[in-house]
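In: Attaching a predicted model along with its sequence, questions to come.
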Amino acid sequence: MKLRRSLIAVAAIAALSTSVLAGCAAGGGSNDGGGSGESPALTIAKPDGAITTESNNPWVGDSSANRLGYKNVIFEPLAMVNAVGDNETTPWLAEKVEWSDDYTQLTVTPRKGVTWSDGEEFTADDVVFSYEMIRDTPAFDTGNIQLTDIVKDGDNVVLTFAESKFVKQAQVLHIPMVPEHIWKDIADPTTEVAPDPVGTGPYTLEKFSSQSVTLQARDDYWGGDLAVPTLYYISYNDNTALTTALANGDADWAQAFIPDVQGAFVDKDPEHNVFWAANTLSPDVLFLNHQQKPFNDLAFRQAVNMVIDRAAHTEIAREKAGPELTSVTGLPTPVGEQYIADEYKGEEFSIDVEGARKILEDAGYTWDGDALIDPDGEPVAFTLQVPQGWNDYVTGISLIADQVKETLGADAKVDTPDADTWWANKRSGDFDAIMHWTDGGTTPYDLYSDTMDGRWLLAGADVDFNFGRYENAEATELLNTYATSASDEERTAAIEQVQKIFVEDVPVIPVGTHPVLGEYNTRGYVGWPGEKDQYATADPTQVTVPLILTKLKPAE
């Protein structure tokens, strides 16, 4: 369970071909990037509808740069932490990053030879300034990184934190760097729209409209020559329009759940169209309301957990987008195999209707015909909620409702409110059960903290995780130990105890894996991440996009 403290770039980032190959294969439909002898553009698609207001502020969550994802090719981080594969860290704007033994201090060596897109040199002062922005602007510290000190030490920058960042290394390293010489004169960075964004990234903004955003490759990028000359970011009205664009070649790259992705996308050009569901440490779970019937009763939580058909969920709801969730610890495998306690290695979910009914009988439940009656003599009923239009989730909770009705006799209903209503209900706890994901990360911490940690409840009436208001002081303390300990042995012992509580007390019900989806084609370019080369996810909205774009090469 150990992550390397010292992650050093053993070689410079490999440059791509020093010249763009003439006459390479055409890529994304009509967006050919220019004349017939030029390399094709890539069109990156989102299903968010028209984005009418331009904002290129990398720190504002609902800015157009964030919503479409193009901020990642303008503003770069010090390093990139891989959510898949070996969870390795790749130094980026840093030549070296090194954590202290207790992960409360990070020493960074800024990369030499990097320039901002306006020609100014990238320096340690920019690193200091960017982190000071985070420390001094609470609205930007979304990862709660708790910076206490930022100093230059020769050629290095040393960051000190109030507590261990072992479980939040990505949140620290993925912060975008901005140029001090521009942002120091901005009075209020929280409202800045940055109409002419300056970054170290491989592309610069050329044109913004409500239909598309155009970015051009830099010819002075520190990471070498870029195979793709132009990026178009387009926001389609919905998933249906996006799917059509991917299928007919008008769009090249997207992250979306596509019903019947094989028939709707892959089979349209099986030689070139690729769909990859990158398995991470994030599962889909049922958050259960622990403050009211029926899920405040452990026996009922255990019984429902025992009758869910997870194979059917993978096959029908998720349409095989990712592997089945099998470990009783809730950890997706094989990516989470290394973190499963010895006690639970090889212990997998299985449907056990007879065992579930026996647990209920022993707890005082009875049946009136086929209807389940609780120990107070009341019929057992609950409602499962997810937003309308979330097809995979709607199908998933419908399967669960049918399974629970047929096997246990509880009156399980399905409700699909609009997304805003559901979001408010989720945060306030106004539900019986909801399907939701957890964060992924590169350790099990996010899975278990998001579902069990009492510290989420300190926020007040509305919470951002632990939606079911599960309270267990021991679990909270163990999670804190895992996050703050300087010892691998202590961390291992803590997470094994957390898993035991998770398995035995059923704070949530794990249902399926929640992979990071990606769709792309190889008509114009090769070198994409995929099942055989998991150097990043294939999601074009992630911080790792510059890494992908420096690896792409023209197709033969």
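Out: Yep, that arrived.
In: Could you pull out the strands in the stretch 201-350 of the chain for me?
Out: 203-208, 212-217, 230-235, 253-254, 273-278, 283-288 (DSSP state E, counting those that start in this stretch).
In: Which one of those lies nearest to residue 553?
Out: Shortest separation from residue 553 across the strands of the stretch 201-350 of the chain is recorded for strand 212-217, at 13.9 Å, computed as C-beta to C-beta. C-beta coordinates here come from the backbone N, C-alpha and C atoms, glycine included.
In: List the strands paired with that closest one, with their directions.
Out: strand 203-208 (antiparallel), strand 230-235 (antiparallel) (DSSP bridges).
In: would TSV of the strands of the stretch 201-350 of the chain with distance to residue 243 and mean neighbour count be doable?
Out: Putting those into TSV (distance: least, C-beta to C-beta, whole Å; neighbours: other C-beta atoms under 10 Å) gives the following:
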stretch	distance to residue 243	mean neighbour count
strand 203-208	25	18
strand 212-217	18	20
strand 230-235	13	23
strand 253-254	9	26
strand 273-278	11	21
strand 283-288	22	26
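In: To residue 385, which of those lies closest?
Out: Of all the strands of the stretch 201-350 of the chain, strand 283-288 sits nearest to residue 385, with 9.9 Å by C-beta to C-beta.
In: hang on, the earlier thing: can you list the strands paired with strand 212-217 in a markdown table and add distance to residue 357?
Out: Output for those, formatted as a markdown table (distance: least, C-beta to C-beta, whole Å):
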| stretch | distance to residue 357 |
| --- | --- |
| strand 203-208 | 59 |
| strand 230-235 | 50 |
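In: which stretch among the strands of the stretch 201-350 of the chain comes nearest residue 518?
Out: strand 273-278 (5.2 Å).
In: What separation do you get for residue 351 and residue 500?
Out: Counting by C-beta to C-beta, to the nearest Å, the gap between residue 351 and residue 500 amounts to 23 Å.
In: which residues in the stretch 1-150 of the chain form strands?
Out: For the stretch 1-150 of the chain, applying DSSP E, counting those that start in this stretch gives strands covering 6-8, 42-46, 79-81, 89-91, 94-99, 105-110, 147-153.
In: Give me whichever of these is most buried.
Out: When you average the neighbours per residue for each of the strands of the stretch 1-150 of the chain (mean count of other C-beta atoms under 10 Å), strand 42-46 leads with a mean of 25.
In: So for residue 24, what's the pLDDT?
Out: On pLDDT, residue 24 comes in at 31.
In: likewise residue 18?
Out: 27.
In: Regarding residue 412, what is its secondary structure?
Out: Following DSSP: H, G, I helix; E, B strand; the rest coil, we place residue 412 in the strand state.
In: my read: it touches residue 398, true?
Out: No - in this structure, residue 412 is not within contact of residue 398 by C-beta atoms under 8 Å, at 9.6 Å.
In: Comparing the two, which shows the higher neighbour count?
Out: For the pair residue 412 and residue 398, the greater number of neighbours falls to residue 412 (24 against 17), based on other C-beta atoms under 10 Å.
In: Please identify the nearest residue in space to that one, excluding sequence neighbours.
Out: Excluding its sequence neighbours, the residue lying closest to residue 412 (C-beta to C-beta, 6 or more residues apart in numbering) is residue 401, at 3.9 Å.
In: could you say what helices and strands the strand or helix carrying that neighbour packs with?
Out: Element membership for residue 401 (DSSP states H and E) is helix 391-408. Judged by 3 or more C-beta pairs under 8 Å, 6 or more residues apart in numbering; DSSP states H and E, helix 391-408 is in contact with strand 283-288, helix 298-307, helix 353-362, strand 381-385, strand 411-415, strand 433-437, strand 508-513.
In: Compile the strands of the stretch 201-350 of the chain into a markdown table and extend it with columns for distance to residue 180.
Out: Shown next, in a markdown table, are the strands of the stretch 201-350 of the chain (distance: least, C-beta to C-beta, whole Å):
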| stretch | distance to residue 180 |
| --- | --- |
| strand 203-208 | 19 |
| strand 212-217 | 23 |
| strand 230-235 | 27 |
| strand 253-254 | 33 |
| strand 273-278 | 35 |
| strand 283-288 | 41 |
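In: Now tabulate those in a markdown table and tack on mean pLDDT and distance to residue 492.
Out: Putting the strands of the stretch 201-350 of the chain into a markdown table (pLDDT from 0 to 100; distance: least, C-beta to C-beta, whole Å) gives the following:
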| stretch | mean pLDDT | distance to residue 492 |
| --- | --- | --- |
| strand 203-208 | 97 | 42 |
| strand 212-217 | 97 | 45 |
| strand 230-235 | 96 | 43 |
| strand 253-254 | 98 | 39 |
| strand 273-278 | 95 | 26 |
| strand 283-288 | 98 | 21 |
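In: and residue 299, which of those strands is closest to it?
Out: Using C-beta to C-beta, the nearest of the strands of the stretch 201-350 of the chain to residue 299 is strand 283-288, at 12.9 Å.
In: Let me see the residues that make contact with the closest one.
Out: 295, 301, 304, 325, 330-332, 384, 393, 396, 400, 426, 431-438, 447, 451, 467-468, 470, 506-514 (C-beta atoms under 8 Å, 6 or more residues apart in numbering).
In: From residue 541, how far off is residue 549?
Out: Counting by C-beta to C-beta - residue 549 and residue 541 are separated by 13 Å.
In: Looking at these two, which one has more neighbours?
Out: Taking other C-beta under 10 Å, residue 549 and residue 541 do not tie; residue 549 has more neighbours (25 against 20).
In: Three-state assignment for that one, please.
Out: The assignment at residue 549 comes out as helix when based on three-state DSSP.
In: Verify the stated contact: it with residue 76.
Out: No - counting by C-beta under 8 Å, residue 549 stays clear of residue 76, with 11.3 Å between them.
In: rewinding a little: chain center to the helix holding residue 401, what's the gap?
Out: Chain-centre distance of helix 391-408: 25 Å, with C-alpha atoms, centre = their mean, to the nearest Å.
In: Buried residues in that helix, which are they?
Out: 392-401, 403-405, 407-408 (16 or more other C-beta atoms under 10 Å).
In: And stretch 288-300, by the same measure?
Out: By 16+ other C-beta under 10 Å, the buried positions in stretch 288-300 come out as 288, 289, 290, 294, 295, 297, 299, 300.
In: for stretch 306-321, same thing?
Out: Buried residues in stretch 306-321, defined by neighbour count with 16+ other C-beta under 10 Å: 306, 307, 308, 309, 310, 312, 313, 314, 317, 318, 319, 321.
In: Of the contacts of strand 283-288, just the buried ones, PyMOL syntax please.
Out: In PyMOL, a selection of the buried entries from the contacts of strand 283-288 looks like this (16+ other C-beta under 10 Å):
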select buried, resi 295+301+304+325+330+331+332+384+393+396+400+426+431+432+433+434+435+436+437+438+447+451+467+468+470+506+507+508+509+510+511+512+513+514
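In: quick revisit: now for the buried residues of stretch 288-300: which two are most distant?
Out: The most widely separated members of the buried residues of stretch 288-300, counting by C-beta to C-beta, are 289 and 299 (15.9 Å).
In: before we move on, back to that, what touches both of residue 549 and residue 76?
Out: Between them, residue 549 and residue 76 share no contacting residue, judged by C-beta under 8 Å, 6+ apart.
In: what's the spacing between residue 43 and residue 68?
Out: Per C-beta to C-beta, residue 43 is found 12 Å from residue 68.
In: still on that earlier bit, can you say which of the strands of the stretch 1-150 of the chain is nearest to residue 269?
Out: Minimum separation from residue 269 across those (C-beta to C-beta) falls at strand 42-46, 15.2 Å.
In: That closest one pairs with which strands?
Out: strand 230-235 (parallel), strand 253-254 (parallel).
In: hmm, back to that, who are the contact partners of the residue nearest to residue 412?
Out: Applying C-beta under 8 Å, 6+ apart, the residues near residue 401 are 384, 412, 413, 414.
In: Any regions of the stretch 151-300 of the chain where pLDDT drops low?
Out: Residues of the stretch 151-300 of the chain meeting the criterion pLDDT under 70: none.
In: can you give me the helices in it?
Out: Along the stretch 151-300 of the chain, the segments classed as helices by DSSP state H, counting those that start in this stretch run 169-173, 180-183, 239-248, 261-264, 298-307.
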